[in-house]
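Novice: The following comprises the amino acid sequence and a computationally predicted model.
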Amino acid sequence: MSNKSIGTKHFIAQRLTAIVNLIVGIPAFIIFLKVYDEGYIAIKGLLSQEIVWIPMIIYILSLSYHMKIGVGHMLDDYFDGGLKSFLSLMNNIYVYLVALLSTIALIILGMF
């Protein structure tokens, strides 16, 4: 794949994830503002509904991929050589861990 096609793929992916983040994120934010003061039990009850925890998993995965692309672009712009490779590896590890652990936490809250 050429650099142009990789750049185009990243551009499209970042815009699509931004749209998903808005579509899922705004209602999620509003819902959590409504249950903000109700405590752990109310939030756990909310997250136990499939209509809530499944979109939240989609949201987390979309945010993670969006973050991976964005931080990768910053690393490309400001770092060269071995340091860029190391930081790119750390970015990937961090994003995958956040996505994995957040998804596991939501599944556990949603199913149990």
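Specialist: Great, that's in hand.
Novice: ok, and for the helix or strand of the chain with the lowest mean pLDDT, which residues are buried?
Specialist: Across the helices and strands of the chain, the lowest-confidence element by mean pLDDT, DSSP states H and E is helix 40-47, at a mean of 85. By neighbour count on 16 or more other C-beta atoms under 10 Å, the buried set for helix 40-47 is I43, L46, L47. All C-beta atoms are positioned from the backbone trio N, CA, C, and that covers glycine.
Novice: Verify the contact between the last one and M56 for me.
Specialist: Yes. The pair L47 and M56 qualifies as a contact (C-beta atoms under 8 Å) at a distance of 7.3 Å.
Novice: what sits in contact with each of those two?
Specialist: L106 (C-beta atoms under 8 Å, 6 or more residues apart in numbering).
Novice: what number of residues lie near Y59?
Specialist: Counted with other C-beta atoms under 10 Å, the neighbours of Y59 add up to 19.
Novice: how much space is there between it and K34?
Specialist: To K34, Y59 is 17 Å away according to C-beta to C-beta, to the nearest Å.
Novice: Same check on I41?
Specialist: 15 Å.
Novice: in this protein, which spans are strands?
Specialist: With DSSP state E as the criterion, the chain has no strands.
Novice: Poorly predicted segments of it, please.
Specialist: 1-3 (pLDDT under 70).
Novice: Now with 50, please.
Specialist: Within the chain, no range satisfies pLDDT under 50.
Novice: Now do the helices in it.
Specialist: 3-34, 40-47, 50-78, 81-111 (DSSP state H).
Novice: Report the distance from the longest one to the chain centre.
Specialist: The gap between the average C-alpha position of helix 3-34 and the chain average comes to 9 Å, counting by C-alpha atoms, centre = their mean, to the nearest Å.
Novice: Also the second one?
Specialist: The offset between the C-alpha centroid of helix 40-47 and the centroid of the whole chain comes to 21 Å, using C-alpha atoms, centre = their mean.
Novice: Understood, closing this out.
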